[in-house]
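Visitor: just a sequence and a predicted model for now, questions to come.
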Amino acid sequence: MSDRHAPPRQAGEPGSGAEWAPATAAVLAATEVRAAAAALRQGLRAHGIATDAVVWTDHGELVFEPEAAANATRRAAAVAAFAGRPQTGADALEARLLPPGAAEAGAVLLAPPGALAAPSDDATHLLALAGQRLAELFSMQRLQDAVKELEQAEQLQHALFAIADLAASDHDMQRLLHGLHQIIGKLMYAENFYIALYDPQRETLRFIYLADEKDGGLYDPDEEIPVARMGGSLTLGLIRHGRPVRGPSEDIMALLGLPPEEGIGTPSVDFMGVPMRRDGQVLGALVVQSYKEGMGYTQSDCAVLGFVAEHVLNAVERKRNQEELERRVAERTQALAEANARLQEEIRERERAAHLQATLYQIASLASSTHSDEAFYRSIHQAVSTLLDAENFYIALISPDGSRLQVPYSVDASGEERPERPLARGLTEYVLRKGQTVLIDDPGTRALVAAGEIDAEHYAVRTPAVCWLGVPLPGEDGVMGVVAVQSYRPDLVYTADDAKLLTFVAQQIASSVQRRRHAEALQALNADLEQRVQARTRELRREIAVREQVEAQLKHQVMHDPLTGLPNRLYLRDRLERALSSQQRNPKHAFALLYLDVDRFKLFNDSLGHLVGDAVLREVSRRLLECVRGPDIVARLSGDEFAILLEEGAQPATAIKIAQRIQARMQEPVQVGERDLQASVSIGIAIGHPRYLAIDELLHDADVALYRAKATGRQRFVLFDETQQKAAMNVLELELALRHALHAGEFVPYFQPIVRLDDGSAVGYEALIRWQHPTRGLLSPGEFLPVAEESGLIEAIDWHMYRLACTAGAPLVAQGGFISINISPRHFQYEDFDQRLLELLAETGFPPARLQIEVTESTLLSDPDAAARILQRLLDAGVGAALDDFGTGYSSLSYIHRFPMRSIKIDRSFIQDLGQADARRSSAIIEAVQGLARSLSLDVVAEGVETQAQRDALRSVGCPHVQGFLFGRPAPASHWLRPGGPDKT
């Protein structure tokens with residue numbers, strides 16, 4: 001038993017014997033709350049203290065140990081104890097909070113009156129120990145519940161995304177409902193699942209989907225069932241109840257006031273249903289049920305199902321609307337096809353002229369045109385004019401509310417205007433009322449006035465027509481408007497054939513108007529649904545962010561050392577596992593492990609005490625952190641043992657350099673109070689290698705190297721593989737050579753053109769560094785820049801390269817274009833980087849407008865606010881910026897939107913697949929980037945173009961600018977200034 005659980009007793013204290021040891025051990029060994037409670041009661045009972053039960057809460061419900069102890073009296077006593085108002089009276093149960101006296105106790109011990117009035121010291125000690133152990137178990141249970149809630153939230157988010165994707169798919173209704181069943185089945189037990197829709201206007205129920213192992217064929221999904229036939233239905237009761245229900249079907253029927261003998265279907269062991277609402281009105285129910293004992297549902301399942309219900313209703317309604325629209329379009333299309341067939345037969349029977357046939361086909365094609373309303377009506381008028389005299393022509397439509405007459409198009413030789421007006425009793429309204437074609441002359445019109453069909457005042461203000469022909473426009477709910485022609489000349493009189501022809505035209509007009517209205521309604525519905533989905537998605541993301549923050553805090557506490565704040569052994573093993581897996585996937589991934597031990601630390605602890613030892617460990621930890629870089633991991637394993645994981649840089653050179661830095665830093669005395677102590681460390685180094693199959697092998701080799709370091713005199717480091725140590729020395733020699741090359745001016749600038757794809761002319765050049773080594777010849781950046789990055793020389797080399805690029809590249813852009821330079825993330829650590837760069841341009845005389853800098857996403861990630869400020873100041877001075885290697889990092893749209901960029905450079909990894917059989921994914925990504933860039937007014941450059949097939953593929957997707965070996969390899973500026981070099985813009 002650890003000291004923190006059982007403080008040692010002094011000689012002579014009560015109960016100092018071993019009689020309480022089994023009970024204490026049983027309490028400490030318990031891994032569950034019920035086991036700890038049982039061990040406490042057993043220990044007290046073994047020593048003559050009778051108890052009734054131990055009570056605690058689980059998700060708002062009281063839990064008893066033993067379970068059989070639960071009754072109304074004990075429940076009341078437990079609730080009173082938790083509320084801080086224990087019951088009084090001679091017969092009142094005695095209650096003791098666990099831990100005793102805690103402000104927020106997690107459990108309460110119930111005993112007969114007086115049983116706990118004067119407990120012995122051992123009993124008090126056992127109660128305190130049990131309370132402490134219960135508090136630990138409750139804390140562990142809360143952590144487990146928090147993790148479970150996060151997992152459920154993630155599952156729920158995936159389910160909502162899946163429902164949205166399913167609703168937008170082209171599946172039919174049954175496939176959609178089956179997909180919804182599968183999605184909900186991933187959230188909870190849903191072998192028995194159904195969806196019921198309720199029509200409050202028609203008072204009917206329809207079970208559109210039913211999967212049930214007992215009552216699978218009980219309802220037809222296409223049948224609308226009157227609610228009068230569903231008197232004892234749980235589903236109908238749930239819909240009228242309007243709130244979620246959960247429990248055995250018999251209990252729910254009692255809750256809903258349904259007679260048990262009138263129940264429909266097989267009773268279930270556990271029934272859970274939630275109403276589906278729209279604007280506060282219940283429109284259906286979502287139900288799962290279980291017929292198996294032990295397979296039930298929780299309140300959490302009920303909350304999840306209720307949350308999903310709204311999205312299920314959205315998906316079902318959207319699919320129903322889509323199918324209804326498709327059905328109507330199909331019906332209308334079929335009607336048009338039949339009308340067209342009849343018209344063709346009539347044309348063949350009457351042997352109409354070829355001109356008439358061509359004109360009729362033209363009118364039919366206009367019905368599906370994409371022209372504006374004005375252009376469409378004008379085209380109809382022109383087409384009708386080729387068949388009959390239509391110098392006086394208009395189209396009138398009933399307004400959506402049915403109260404007014406709208407005239408979207410009108411041409412009249414008399415100059416008569418037809419503005420929108422309320423419905424009256426004119427000739428147009430007469431056709432609307434009759435729903436038939438009307439061919440009438442002026443005497444016939446006067447007869448209608450006399451019969452009261454047409455208002456006399458309305459007739460009086462209109463110019464009398466010699467002949468008037470009006471045809472109704474058929475709509476879904478009756479006549480929707482009228483198309484009319486009229487004549488003011490006695491020599492122009494319309495015939496019955498003209499009436500038939502205009503009737504056909506009217507059908508085409510009506511069909512087009514209806515399709516346009518349906519399209520606008522569907523577009524509005526989709527926009528509203530998309531807005532709801534986006535709003536809910538933003539809300540979910542905020543909730544997930546909060547939960548991730550809590551999870552990160554818990555994880556930090558579990559995986560860090562409380563004394564030094566460093567990561568612990570568990571954290572280190574996790575990072576080692578990932579480093580080892582990464583190296584197994586990519587053998588070029590290098591990493592190293594430094595195993596450290598404080599020399600003679602036991603002497604500090606034994607002679608000066610643990611407080612001094614702790615202070616030494618904290619100081620050693622601080623110094624180790626000063627000696628490593630940002631990405632490196634420093635961990636405390638146990639006692640005075642530390643470890644450092646290095647995952648960036650050439651190995652073992654980087655590991656040796658860090659070890660040397662640590663040894664030098666440890667030379668300074670460690671001040672503890674008024675004492676100056678000399679602390680040193682021994683270091684064992686193991687370099688990652690594919691031969692390591694498990695992290696314990698790597699830890700073993702590092703420990704062996706540490707043992708050798710201590711055996712050879714301490715205060716030194718030993719590399720496990722001496723051959724790698726020699727290789728590290730070669731890296732150090734390369735570092736010295738780089739310093740010499742910087743002072744000797746051995747670095748030279750090379751330039752690669754960025755060309756316009758349509759004509760191959762150069763719009764700019766990217767400056768690239770080369771090392772003209774005196775013995776090894778021309779070296780590419782990959783052979784020396786990694787060492788320069790690790791040694792810290794990269795900044796000096798960069799500034800030297802920027803000056804060379806401006807000096808040598810000035811003639812290349814004298815007539816236009818730009819020079820592009822690559823900026824290391826290190827430079828954005830300095831707030832005055834833009835000022836230094838502009839000063840360099842002023843010194844070299846290079847125009848800022850001719851310079852473009854290229855930055856990667858990792859540069860923007862380090863300090864987004866500082867990077868945005870620097871880029872904006874450079875842009876204000878004329879220096880543009882390009883986002884390099886786009887697509888290889890996070891590719892977040894926020895970077896493009898937030899940072900002032902001029903162009904995007906698509907990474908070569910997306911270009912290399914173009915022109916091949918499996919290039920569809922890369923082409924889709926490039927097209928998406930193209931669309932994004934156009935919407936943000938950004939230029940796009942595709943890197944790594946090496947083949948004609950890649951060039952053709954980029955041309956087909958409209959990529960404006962490219963760069964690669966196909967258009968030119970990097971070369972000195974003089975090469976591109978020679979005649980025959982790429983055209984410059």
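Guide: Here it is on my side, so go on.
Visitor: off-centre distance for stretch 780-787?
Guide: The chain centroid and the centroid of stretch 780-787 are separated by 38 Å, computed with Cα atoms, centre = their mean, to the nearest Å.
Visitor: quick one: mean pLDDT for it?
Guide: Here stretch 780-787 scores 86 as its mean pLDDT.
Visitor: same question for stretch 977-985.
Guide: 66.
Visitor: how about stretch 116-124?
Guide: For stretch 116-124, mean pLDDT rounds to 79.
Visitor: downstream neighbour of the longest helix anywhere in the chain in the secondary structure list?
Guide: The longest helix of the chain (DSSP state H) is helix 496-558. Of the helices and strands lying after helix 496-558 in sequence (DSSP states H and E), the nearest is helix 569-585.
Visitor: so that next one versus helix 496-558, what angle?
Guide: Using axes from the mean of the first three to the mean of the last three Cα atoms, to 10 degrees, the interaxial angle of helix 569-585 with respect to helix 496-558 works out to 130 degrees.
Visitor: what helices and strands are in contact with helix 569-585?
Guide: Helices and strands touching helix 569-585, as assessed by 3 or more Cβ pairs under 8 Å, 6 or more residues apart in numbering; DSSP states H and E, comprise strand 633-638, strand 641-646, helix 695-711. The way it works is simple: take the backbone N, C-alpha and C, and place the C-beta from them, glycine included.
Visitor: any chance of these in JSON lines, with mean neighbour count and mean pLDDT too?
Guide: Shown next, in JSON lines, are the helices and strands packed on helix 569-585 (neighbours: other Cβ atoms under 10 Å; pLDDT from 0 to 100):
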{"stretch": "strand 633-638", "mean neighbour count": "20", "mean pLDDT": "91"}
{"stretch": "strand 641-646", "mean neighbour count": "23", "mean pLDDT": "94"}
{"stretch": "helix 695-711", "mean neighbour count": "18", "mean pLDDT": "88"}
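Visitor: turn these into TSV, columns for distance to residue 976.
Guide: Shown next, in TSV, are the helices and strands packed on helix 569-585 (distance: least, Cβ to Cβ, whole Å):
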stretch	distance to residue 976
strand 633-638	46
strand 641-646	42
helix 695-711	50
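Visitor: nearest to residue 783, of those?
Guide: Closest approach to residue 783 among these is made by strand 641-646 (21.5 Å; Cβ to Cβ).
Visitor: and the next helix or strand after the closest one, which residues are buried?
Guide: Counting by DSSP H and E, the next helix or strand C-terminal to strand 641-646 is helix 653-665. Neighbour counts over helix 653-665 (16 or more other Cβ atoms under 10 Å) mark 653-659, 662-663 as buried.
Visitor: same question for stretch 838-845.
Guide: So, applying 16+ other Cβ under 10 Å, buried residues of stretch 838-845: 838, 841.
Visitor: cool, and stretch 854-864?
Guide: 854-857, 859-860.
Visitor: by mean pLDDT, point me to the weakest helix or strand of the protein.
Guide: helix 354-366 (a mean of 62; mean pLDDT, DSSP states H and E).
Visitor: and the gap between the nearest residue to residue 127 once chain neighbours are set aside and residue 925?
Guide: Excluding the flanking residues, the one nearest residue 127 by Cβ to Cβ, 6 or more residues apart in numbering is residue 100, at 5.7 Å. Residue 100 is 65 Å from residue 925, where distance means Cβ to Cβ, to the nearest Å.
Visitor: again with residue 148
Guide: 37 Å.
Visitor: more neighbours: which of the two?
Guide: The neighbour comparison of residue 148 against residue 925 (other Cβ atoms under 10 Å) goes to residue 925, with 16 against 11.
Visitor: so where does that one fall, helix or strand?
Guide: According to DSSP H and E, residue 925 maps onto helix 920-935.
Visitor: quick one: name whatever helix or strand follows that helix.
Guide: Downstream of helix 920-935, the next assigned helix or strand under DSSP H and E is strand 939-942.
Visitor: so where is the stretch 1-150 of the chain shaky, pLDDT-wise?
Guide: 1-20, 59-60, 101-104, 145-147, 149 (pLDDT under 70).
Visitor: just the strands in it please.
Guide: With DSSP state E, counting those that start in this stretch as the criterion, the stretch 1-150 of the chain has strands at 53-58, 61-65, 94-98, 107-111.
Visitor: residue 344: which of the ones you listed is closest?
Guide: strand 61-65 (75.7 Å).
Visitor: and the contacts of that closest one?
Guide: 33-34, 37-38, 41, 53-57, 70, 74-75, 78-79 (Cβ atoms under 8 Å, 6 or more residues apart in numbering).
Visitor: who does it pair up with?
Guide: Under the criterion DSSP bridges, strand 61-65 sits next to strand 53-58 (antiparallel) in its sheet.
Visitor: picking up where we left off before, which two of the contacts of strand 61-65 have the greatest separation?
Guide: Of all pairs in the contacts of strand 61-65, the most separated under Cβ to Cβ is 38 and 79 at 22.1 Å.
Visitor: hang on, residue 209 in a helix?
Guide: No: assessed with DSSP: H, G, I helix; E, B strand; the rest coil, residue 209 is strand; it does not lie in a helix.
Visitor: in this structure it contacts residue 182, no?
Guide: No: taking contacts as Cβ atoms under 8 Å, residue 209 lies outside contact range of residue 182: 11.7 Å.
Visitor: which residues does the closest residue to residue 97 other than its chain neighbours contact?
Guide: Nearest residue to residue 97 in three dimensions, chain neighbours excluded: residue 105, at 3.8 Å (Cβ to Cβ, 6+ apart). When contacts are counted by Cβ under 8 Å, 6+ apart, residue 105 is found next to 82, 97-99, 131.
Visitor: returning to that earlier point: in TSV: the buried residues of helix 653-665, plus pLDDT.
Guide: Compiled in TSV, these are given as follows (pLDDT from 0 to 100):
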residue	pLDDT
653	88
654	90
655	91
656	91
657	91
658	92
659	92
662	93
663	90
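Visitor: for the residues you listed, which one is nearest residue 435?
Guide: residue 654 (89.2 Å).
Visitor: alright, that wraps it up for me.
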